[in-house]
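> Kindly generate the corresponding structure for this input.
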Amino acid sequence: MQTRRLLAGAGAAAAVALGLVGTPSAQAATDAAAVTCGNAYWPHTNDDPFGGRVSKSSPAAIHTGPYGDCTTVGHVSPGAWVEYDCYVTNDLGHTWTWVRDENNRSLGWIYDKYLDDGGSNFRCG
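Take a look at the predicted model:
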């Protein structure tokens, strides 16, 4: 498992144990509706020489931005190989990786939980 994911998980567990994380509020719902989608808002470069497989049991959605509320532009089949460019952490603290297909065609953002190795290790920048 990747170090950044281990640290994030440990921090989240500590926050829950200490009572620092509450239930979702109306503000969180409002914030989710105001997400920024589109590649122009999330610049990235192809920094990662690696890739991985889709681990979700059903096709994984590809989005225009690193949020589930962003437009879905396609799906990748379970077990399919994708090439990684880099990852971002959205305002909700979730990491997403920009992926390409085996023919190096740019696809879009995929939620890292749907990738067998947790996604790219290279932060977009």
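> May I ask you to name the longest strand in this protein?
The single longest strand within the chain, with elements called by DSSP state E, is strand 81-89.
> how about that strand as PDB, C-alpha atoms only?
Output in PDB follows, covering the C-alpha atoms of strand 81-89 (Å, rounded to 0.1, in the frame of the first residue of the first chain):
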ATOM      1  CA  TRP A  81      -5.000  -1.700 -17.600                       C
ATOM      2  CA  VAL A  82      -4.700   2.100 -17.500                       C
ATOM      3  CA  GLU A  83      -1.600   4.300 -17.700                       C
ATOM      4  CA  TYR A  84      -1.200   7.000 -15.000                       C
ATOM      5  CA  ASP A  85      -0.300  10.600 -15.500                       C
ATOM      6  CA  CYS A  86      -0.500  11.900 -11.900                       C
ATOM      7  CA  TYR A  87      -2.900  12.400  -9.000                       C
ATOM      8  CA  VAL A  88      -4.700  15.200  -7.200                       C
ATOM      9  CA  THR A  89      -6.400  15.500  -3.900                       C
END
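> How about Arg100: what's its closest non-neighbour residue?
Once flanking residues are discounted, Arg100 sits nearest to Glu83: 4.3 Å by C-beta to C-beta, 6 or more residues apart in numbering. Placement of C-beta: from N, CA and C, glycine included.
> The one you found bridge partners, please.
Beta-bridge pairing of Glu83 under DSSP bridges involves Gly51, Arg100.
> sorry, back to before: tell me how far the longest strand of the chain lies from the chain's centre.
Centroid separation for strand 81-89 versus its chain: 8 Å, with C-alpha atoms, centre = their mean, to the nearest Å.
> still on that earlier bit, quick one, what contacts the residue nearest to Arg100?
By C-beta atoms under 8 Å, 6 or more residues apart in numbering, the contact list for Glu83 reads Asp48, Phe50, Gly51, Val99, Arg100, Asp101, Glu102, Asn104.
> Touching, the third one and Val76? I think so.
If I follow you right, that is Gly51. No. If you go by C-beta atoms under 8 Å, Gly51 and Val76 don't touch, sitting 11.5 Å apart.
> Those two: which has the busier surroundings?
Val76 (22 against 18; other C-beta atoms under 10 Å).
> Run through the residues that contact the most centrally placed residue in the chain.
Nearest residue to the geometric centre of the chain (C-alpha atoms, centre = their mean): Trp96, 1.5 Å. Counting by C-beta under 8 Å, 6+ apart, Trp96 touches His63, Pro66, Tyr67, Tyr87, Val88, Asn90, Trp109, Ile110, Tyr111, Asp112, Gly119.
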